[in-house]
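# Pasting the sequence and the predicted model now:
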Amino acid sequence: MEVSLTAGAIGKIMSGEVTKEIDMMPVLQVTEVRQIKSQQEPVRERFRMLVSDGTQLHQGMLGADLNHLVKSGTLQAGSIVRLTKFLCNVIKDRRIVIIMQVDVITTKADIIGHPVLGGKTNDQRVADSSNKSNATGFEQQGRSEPIASCQINNTETGRSNAAISPEVGHRQGFGAGSSVPTSTPSTWAYNNTETGRSNATISSEVGQRQGFSAGSSVPASAPSTRAYNTPETGRSNAAFSPEVGQRQGFGAGSSVPASVPSTRAYNNPSAGQGVPRQDHARDPPTSYPPRQPAYQPQIPPPMYANRGPMARNEAPPRIIPINALSPYSGRWTIKARVTNKAGLRQYSNPRGEGKVFSFDLLDADGGEIRVTCFNAVADQFFDQIVVGNVYLISRGSLRPAQKNFNHLPNDYEIMLDNASTIKQCYEEDAVIPRHQFHFRIIGDIESMENNSIIDVIGIVSSISATVVIMRKNGTETQKRSLQLKDMSGRSVEVTMWGDFCNAEGQRLQNLCDSGGFPVLAVKAGRISEFNGKAVSTIGSSQLFIDPDFVEAQKLKDWFEREGKSVPCISISREFTGSGRVDVRKTISQIKDEKLGTSEKPDWITVSATIIYTKFDNFCYTACPIMNGDRPCSKKVTSNGDGTWTCEKCDKSVDECDYRYILQLQIQDHTDLTWVTAFQEAGEDIMGMSAKELYHVKYVSEEEEKFESIIRNVAFTKYIFKLKVKEETFSDEQRVKATVVKVDKVNYSSDTRTILDAMDKLRNIDATSLPIKPEGSNYSAEAVNTSIRSSGTRDPSSVDRRDFGLHAHQSGQYGNQYSSGSGAHGGGATSCNVCGNSGHVSANCPSANEPQGQYMGNSYRGTSGSYGGGGPPRQHVGSY
Amino acid sequence: MDASSPAVFVNGALLRRFIGQKVRAVIQVMRSDIGSVIGKSTDDQQIVVKGSPQLPLTTYLEVIGIAETDNTIRAEVWTNFGDSFDAQNYNELCKLANGEFRHMFI
């Protein structure tokens, strides 16, 4: 039958709290009934009983009226009764309970608990036993003793273990009740060092018993504690066996083997203590009834190991700031938010394989630390950890941080093991910041060392497309670069590698193409030296687009006010070599953007048609002498006798090479220009080698054939890759363009690019365009075209947003993307302004647009640059 | 061919808007019968083209003719477009030509 005795009742009675039934009607168990023969009155039977509340016993006198209960057997040893009327008197310095009325609840019952007699409280007892079972005392006090107590205990005496133990036991890792075997070595250390009692700790696992356990399990050998699960064995406390036995019971229950090892280990060293706590043992057993699972007296419920290693500790954990963590901290608990979570990574090293996962924490004081878990522990926690949530973490171990991988400002990092606990915290969200940055000004980057890790924030002024780069080890990876500007007036190139290109990179690209200038914050980017300084992402970097920080807001404001127009000096030199991605432009942009006028030549791609070829000098005589793996190609002069002399090689050759030097006029829908094509490009265009052509013209003089060839060349459309550079020609600056490569137009992909561009144009409209020309649905009014997220050049990297109501007109709308769709029926009306059909000039969509808005303008391709408004150009002969 | 009125670029969905009018469409030939060709429009709708092509057909075919029903065209002009063709681009063209940029076409 399940009846609970009123825990602590005896204590209260003894302390005087409870003196009468009006205070309390405790349920107690009668452990003993003895008859007293009264000396004074003749043959007056009085019964004296020992009543227990499960932990303590007390003397009581049964009122004479109740004698019959005893006589009849209703009230006997073991009976459980409720005192309905009683009195507590002090007789001869002793309190005696005089019981006048009882309700017998159960007549026959086993003795509950192991009540011990004492006029003193456990505390006192403890004191008495001084070292002994402080545990009891402690235990009774409840576990919430923080580690500190343990420590104190430890310091006090060896015994303290006992004391400590309990505490430690439960609270701490032993399990802080949670039966998590303390993973904090430190605690162990304490225990151990102190006394080796670690047993106690071990005991703790077992549960409170520490005191006991201390006695029992601690028989000094930590191992035994382990054994505590099989307590019998370990027990050096043979003496305690009985007790131990009980404990064992608990211990056994506790099956916290996991913890044990740790404890054990620790215990061992000190274990020497083998000193069985005999004293404990002795005392505790008698004085402190071991807890039985069912019975929960005033002592807080023991931390039964059988609850499992992760049982919670009732004691509120002491939360310490991350910055205060050190390998010598005792059992600690931190409360922090996860700012970054790395993936579960497999590795193999000489010691074998494994998997590892780590995450970064940030707490309310701004302390940051990385937490790493291996193998099983990694599996255990991986799913639990979510970036942004706040967790309480305790019982990890600390080790020095690996600065190579860990860029957080902390000298240590945490390693979790089986004993660690992670508990999610749902309150106090706001106190702990989401992320912590130490932003640097871009201007400072110049002076910083390579390979240092920094955080930076700025406005994205331009972004280019992803390229695939071959790494040294042969694998391919993606790379994407962008320009970041900030208030220092400097801009830096930020390179994204791998996944960043696709995720954040694409988003940034879309934002930029739509005309936005997003704020980008980079956390843990590495400074590298590559054509000036640049910042690259590393594995643990984090990118935040348009974040919600104060700095971001400030940057945005600065940008709106002045940043746009301030020319930014780039600390990263642009690498516009031929490795560059296709920068699509329209021919008009060459003039508008003053391409080629900076120090370095510009490489651009245009889609255009050859209109005219100068055939007077389409080739020249060239030196065929090989200079390395290339022919010299310098112009050779004729010696008159059929031989040719090269100035550079200083030699004479009989046969010279003929190399193309074609002057072509190419045109797209915006403009036309002269370009020069040399040998390779020339051959592609003409379709035959220069020598052949030379033969046709001069040698065989097949005029007709020559004519037809030329005619074929005209009006062929190609994708030209041009190198544009300004050169000085006898006091005159001229921008010259050389054809580097000629490609056939791939209509399909071109069309797609154009469609994409149209979409983006439309999006910009949706967001920022205020102006809409009359009657025209034409998207991309005004503004957009001038939007230029500064391309690769610095001088012109200023954004030009011409909300232009330029009444100019440029070019014609090439129907260039009517690839394959054939000719449209010509409309009757033809617009004067743009030359297009179907509307009149008044309705002309292009009337209000700055140049370059046309579909064709999508040649900007990936770079997102639009042609700026420029002077009107009238093109004759709409294409 | 009567070139007085321009033909509207259509795909399957747009065809019904121009019943009775001259349209042009690129279709992917599925089956060829006497007097008609069954094909798939660029937006995956079945189109029947009435008439007989004089020439052997390639995979893609442009027909210009009068739209009879919402899935039939009576073709007057047949043009082979070859075996490779970017149907998606053409589809986009049809949408734009009849939507946003209608003014540019008809």
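Arrived safely. Numbering: from 1, shown residues only, chains lettered A, B, ... in the order given.
# So which elements touch the helix or strand A:Asp455 falls within?
Applying DSSP states H and E as the criterion places A:Asp455 in strand A:453-463. Identification of packing neighbours for strand A:453-463 by 3 or more CB pairs under 8 Å, 6 or more residues apart in numbering or on different chains; DSSP states H and E yields strand A:439-440, helix A:442-445, strand A:476-485, strand A:490-497, helix A:506-513, strand A:519-529, strand A:533-545, helix A:550-558. C-beta: built from backbone N, CA, C; applies to glycine.
# number of nearby residues for A:Asn639?
Residue neighbour count, defined by other CB atoms under 10 Å in any protein chain shown, stands at 11 for A:Asn639.
# mind checking pLDDT for it?
Looking at A:Asn639, its pLDDT is 76.
# Please report phi then psi for it.
phi -90, psi 0 (degrees, to the nearest 10).
# what bits of chain B have low per-residue confidence?
Low-confidence segments of chain B (pLDDT under 70): B:1-3, B:106.
# Taking the centroid of it, which residue is nearest it?
Centroid-nearest residue in chain B: B:Ala25, 1.7 Å away (criterion: CA atoms, centre = their mean).
# in which helix or strand would I find that one?
Applying DSSP H and E, one finds B:Ala25 within strand B:22-33.
# who does that strand pair up with?
Each strand paired with strand B:22-33, and its direction, by DSSP bridges: strand B:8-9 (parallel), strand B:36-41 (antiparallel), strand B:60-69 (antiparallel).
# Touching that strand from outside, list them.
A:822, B:5-11, B:15, B:37-42, B:46-47, B:49, B:53, B:57-67, B:73, B:81, B:85, B:87, B:90 (CB atoms under 8 Å, 6 or more residues apart in numbering or on different chains).
# For A:Arg95, list each beta-bridge partner.
A:Val90.
# That one reaches A:Ser15, doesn't it?
No. In this structure A:Arg95 lies outside contact range of A:Ser15 using CB atoms under 8 Å: 9.0 Å.
# the more surrounded of these two?
Between A:Arg95 and A:Ser15, counting by other CB under 10 Å, A:Arg95 is the more crowded of the two (19 against 11).
# Please report the distance of the nearest residue in space to A:Lys556 that is not next to it in sequence from chain B.
Residue nearest to A:Lys556 in three dimensions, not counting chain neighbours: A:Val519, with 6.0 Å by CB to CB, 6 or more residues apart in numbering or on different chains. From A:Val519 across to chain B, the span is 32 Å (CB to the nearest CB, to the nearest Å).
# Ok, A:Ser15 next?
In terms of CB to the nearest CB, A:Ser15 sits 89 Å off from chain B.
# Got phi/psi on that residue?
According to degrees, to the nearest 10, A:Ser15 has phi -80, psi -10.
# Of all residues in the stretch 201-350 of chain A, which one is closest to chain B?
Relative to chain B, the nearest point of the stretch 201-350 of chain A is A:Gly343 (35.8 Å; CB to the nearest CB).
# residue contacts, the residue nearest to A:Lys556?
Counted by CB under 8 Å, 6+ apart, A:Val519 has contacts A:Ile457, A:Gly458, A:Ile459, A:Val460, A:Ile545, A:Asp546, A:Pro547, A:Ala552, A:Leu555, A:Lys556.
# circling back: can you put the strands paired with strand B:22-33 in TSV and add mean neighbour count?
Formatted as TSV, the strands paired with strand B:22-33 follow (neighbours: other CB atoms under 10 Å in any protein chain shown):
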stretch	mean neighbour count
strand B:8-9	24
strand B:36-41	19
strand B:60-69	20
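# can those strands go into JSON lines with extra columns for distance to A:Arg711?
Formatted as JSON lines, the strands paired with strand B:22-33 follow (distance: least, CB to CB, whole Å):
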{"stretch": "strand B:8-9", "distance to A:Arg711": "32"}
{"stretch": "strand B:36-41", "distance to A:Arg711": "37"}
{"stretch": "strand B:60-69", "distance to A:Arg711": "28"}
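# Quick check: which of those is nearest to A:Gly352?
Ranking the strands paired with strand B:22-33 by distance to A:Gly352, with CB to CB as the measure, places strand B:36-41 first at 58.3 Å.
# got the buried residues for whichever helix or strand comes after the closest one?
The first helix or strand that comes after strand B:36-41 along the chain, using DSSP H and E, is strand B:46-50. Neighbour counts over strand B:46-50 (16 or more other CB atoms under 10 Å in any protein chain shown) mark B:Ile47, B:Val48, B:Val49 as buried.
# Please work out which of the helices and strands packed on strand A:453-463 is packed deepest.
strand A:490-497 (a mean of 24; mean count of other CB atoms under 10 Å in any protein chain shown).
# what mean pLDDT does the next helix or strand after it have?
Counting by DSSP H and E, the next helix or strand C-terminal to strand A:490-497 is helix A:499-500. Per-residue pLDDT values over helix A:499-500 give a mean of 78.
# The residue in chain B positioned nearest to chain A: what secondary structure?
When scored by CB to the nearest CB, chain B has B:Pro6 as its residue closest to chain A, at 2.7 Å. The three-state label given to B:Pro6 by DSSP: H, G, I helix; E, B strand; the rest coil is coil.
# measure it to A:Ile111 for me?
108 Å (CB to CB, to the nearest Å).
# More neighbours: those two, which one.
More neighbours surround B:Pro6 than the other of B:Pro6 and A:Ile111, with 19 against 15 (other CB under 10 Å).
# Now that that one has come up, it's in contact with B:Phe105, right?
Yes. Counting by CB under 8 Å, B:Phe105 is a contact partner of B:Pro6 at 7.2 Å.
# Pull the number of nearby residues for the residue of the stretch 201-350 of chain A closest to chain B.
Quick note: A:Gly343 (other CB under 10 Å) scores 10 neighbours.
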